[in-house]
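>>> Sequence first, predicted model second:
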Amino acid sequence: MSERVVSVGIDLLADAVADQAAHVDRVDWRPPLRTEAGVGTEDDLATVALDPLRPEANALALERTLGVQAVLVDVLPAHEAIGLERGEFLHAGPPITWERASGPLRGALMGGAVLEGLVDTPEEAAALFEGGLHVRLEPCHHRRSVGPMAGVVAPSMWMFVLEDPATGARTHCTLNEGLGKVLRYGAYSPEVLTRLRWMGDVLGPLLQRAVRGSDPVDVTAILGQMLQMGDEAHNRNRAGTLMLLRDLGPALVASGADASDVAEALRFVGGNDHFFLNLAMPACKLALDAARDIDGSTMVVAMSRNGTDFGIQVSGTGDEWFTGPAQVADGLYLGDYGPDDANPDIGDSAITETAGLGGFAMATAPAIVRFVGGSVPDALATTRRMREITLGENPRWSVPVLEFAGVPTGIDVSLVCRTGILPQINTGMAGRVAGVGQVGAGLVNPPEEIFPKALTRLAELTRARAGARTPS
């Protein structure tokens, strides 16, 4: 009878044993992620694992997330939707100042200032933000909102308003401009501002009429259908965009608006395969916000990037951000652009991965690899691998090729630290220099140190609760 060997470590050792006619089971094991100081993770893992609140807290966080129904209920200017005032600007990612802002974020803010009439030229806008006396920056996430790429929201920009009928909770996102030279990628040329003004003067009011004149648009259900039709709801939203047009088209035509405006709106939305992304994102935020502030929960409720920092928020740690340096994506570039032209990862759009879509659902959209790189087997393997760091699956959003298993949902900080497997994100790439726009798309992971940071904070809270329970 042959020997049976379990091998953990480098393949060289396993190959040597296999050459001696033994049966070798190869185990893909990695040491836990380490803190920046290289210490503490094992103790923190043990502390969090023994937290009596954790099992029920994580079960509740996942249950609340899966129970949300996101419905499109209105389209409003940001000053009405979220109370954004003149001189206030939202941005993607964790908090940041102008001094540390990346090129694409600066470019988007400069364009936004011109759009709002605060200055006449983008060059004047740079001085406005450097002074900082009449402007204020705040993360989208702090205003129940999300924004793709730079994520800049100005008061006059129109926003989708999504609501969970069961709780009345709402989230928001701006309208999608399309690809290439657009504000969210840091471009601010006259053509960018002209398009934004048309979106504010024509498209926003038309969509408002259509939404108010239609049956409620069930965004959560559309996301489920998209996954059956080859979308993954981050970088591929073609089916979702067309289903949105199906739902709103009749009301647009019957709105009584000028026929040429309606035709242009239909052309714009139908010609922009990414239009539905700006509904997928707030739908995911609405679901994940329901899981916030549960003591003992190790579930991630936000992953976001501002072009300089990558940050996560965790259910059991409130609004605290755990940050590290944003990474440059590995992918495919447009035209003559290359890695030296790309800015580090940026945008709130990783909220889709946080909820189980995007990179976590790549198995539903094998065609996405032609846009972000990799191969079809890579896409299937990615979805399977993400299941190793999540608390469960979402039965509403299933993966046909994986026997209709639900997408992996509920990233667990402790599982990420224990396995060393990082969440997979597929993303667009903005040019490093303000004004350039999009330069490509690819795959990226968070910086690994942010998960041990979050774990350490969770362990501190666990020890504090244990100390409070200990009789003096």
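Looks like it arrived, so ask away. Since this is a predicted model, take the numbers as computed values, not measurements.

>>> domain ranges for the chain?
1-30, 41-65+292-469, 69-282 (automatic domain parsing).

>>> could I get those domains as CSV with mean neighbour count and mean pLDDT?
Quick note: C-beta positions are derived from backbone N, CA and C, even for glycine. Converted to CSV, the domains of the chain look like this (neighbours: other Cβ atoms under 10 Å; pLDDT from 0 to 100):
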stretch, mean neighbour count, mean pLDDT
domain 1-30, 12, 57
domain 41-65+292-469, 21, 95
domain 69-282, 20, 96
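
>>> pretty sure Pro94 contacts Gly311?
Yes. Using Cβ atoms under 8 Å as the test, Pro94 is close enough to Gly311 to be in contact (3.4 Å).

>>> Mind listing the shared neighbours of the two?
304, 321, 323 (Cβ atoms under 8 Å, 6 or more residues apart in numbering).

>>> Excluding residues flanking it in the chain, which one is nearest the residue nearest the centre of the chain?
With distances taken as Cα atoms, centre = their mean, Ala350 lies nearest the centre of the chain, 1.8 Å away. Residue nearest to Ala350 in three dimensions, not counting chain neighbours: Met303, with 4.2 Å by Cβ to Cβ, 6 or more residues apart in numbering.

>>> what's across from the one you found in the sheet?
Taking DSSP bridges, one obtains Ile312 as the residues bridged to Met303.

>>> separation between it and Lys181?
Between Met303 and Lys181 the computed distance is 27 Å (Cβ to Cβ, to the nearest Å).

>>> Give me the helices and strands touching the helix or strand encompassing Ala430, please.
Here Ala430, judged by DSSP states H and E, is contained in strand 425-430. For strand 425-430, the packing partners by 3 or more Cβ pairs under 8 Å, 6 or more residues apart in numbering; DSSP states H and E come out as strand 346-347, strand 438-444.

>>> Quick check: phi and psi on the residue nearest to the centre of the chain?
Note on Ala350: its backbone torsions stand at phi -70, psi 0 [degrees, to the nearest 10].

>>> That one is in contact with Asn306, isn't it?
No. With contacts counted by Cβ under 8 Å, Ala350 stays clear of Asn306, the gap being 11.6 Å.

>>> In this structure Gly178 contacts His274, no?
Yes. With contact defined as Cβ under 8 Å, Gly178 counts as touching His274 (6.8 Å).

>>> Counting by contacts, list what the helix or strand containing Pro452 packs against.
Element membership for Pro452, per DSSP H and E: helix 450-469. In this structure, helix 450-469 packs against helix 41-49, strand 309-314, strand 322-325, helix 413-419, with contacts taken as 3+ Cβ pairs under 8 Å, 6+ apart.

>>> swap the cut-off to 10 Å and go again
Applying 3 or more Cβ pairs under 10 Å, 6 or more residues apart in numbering; DSSP states H and E, one finds that helix 450-469 makes contact with helix 41-49, strand 300-306, strand 309-314, strand 322-325, helix 413-419.

>>> quick one: stretch 331-343 to chain centroid distance?
21 Å (Cα atoms, centre = their mean, to the nearest Å).

>>> Excluding chain neighbours, what is closest to Pro400?
In space, and not counting its chain neighbours, Pro400 is closest to Gln228: 6.1 Å by Cβ to Cβ, 6+ apart.

>>> ok, the one you found - contacts?
Counting by Cβ atoms under 10 Å, 6 or more residues apart in numbering, Gln228 touches 239, 364, 397-400, 404.

>>> One more: Ala466?
With the criterion set at Cβ under 10 Å, 6+ apart, Ala466 makes contact with 47, 50-52.

>>> Out of the shared contacts of Pro94 and Gly311, flag the one nearest to Val444.
Among those, Ser304 lies closest to Val444 (Cβ to Cβ), at 12.9 Å.

>>> How much space separates that closest one from Val68?
Distance from Ser304 to Val68, counting by Cβ to Cβ: 19 Å.

>>> same check, this time on Arg267
For Arg267, the distance to Val68 - Cβ to Cβ - is 33 Å.

>>> Gly324 now?
Taking Cβ to Cβ, one finds Gly324 at 29 Å from Val68.

>>> likewise Asp258?
From Asp258 to Val68 the distance is 37 Å (Cβ to Cβ).

>>> Likewise for Ala342?
When Ala342 is compared with Val68 (using Cβ to Cβ), they lie 34 Å apart.

>>> Leu90 too?
Leu90 is 22 Å from Val68, by Cβ to Cβ.

>>> so how far is the strand ranked longest in the chain from its chain's centroid?
Under DSSP state E, the strand in the chain containing the largest number of residues is strand 390-399. Strand 390-399 sits 17 Å away from the centroid of its parent chain (Cα atoms, centre = their mean).

>>> Report all helices and strands that that strand contacts.
helix 54-67, helix 219-228, helix 376-386, strand 405-411, helix 413-419.

>>> Repeat the analysis, applying 8 Å as the threshold.
With contacts taken as 3+ Cβ pairs under 8 Å, 6+ apart, strand 390-399 sits against helix 54-67, helix 219-228, strand 405-411.

>>> These: which one's closest to Arg100?
strand 405-411 (26.2 Å).

>>> Which residues does that closest one contact?
58, 61-62, 65-66, 227, 291, 299-300, 303, 354-357, 360-361, 364, 383, 386-387, 389-399, 423.

>>> hmm, back to that, roughly how far does the residue nearest to the centre of the chain sit from Val219?
In terms of Cβ to Cβ, Ala350 sits 18 Å off from Val219.

>>> cool, and Asp164?
11 Å.

>>> try Ala466
From Ala466 to Val219 the distance is 41 Å (Cβ to Cβ).

>>> And for Val314?
25 Å.

>>> ok, back up a step: ok, the residue nearest to Ala350 - contacts?
So Met303 contacts 310-312, 350-351, 353-354, 411, 423, 425, 446 (Cβ under 8 Å, 6+ apart).

>>> mind redoing it with 6 Å?
Under the criterion of Cβ atoms under 6 Å, 6 or more residues apart in numbering, the neighbours of Met303 are 312, 350, 354.

>>> again, but for Pro423
Counting by Cβ under 6 Å, 6+ apart, the residues that Pro423 touches are 353, 411.
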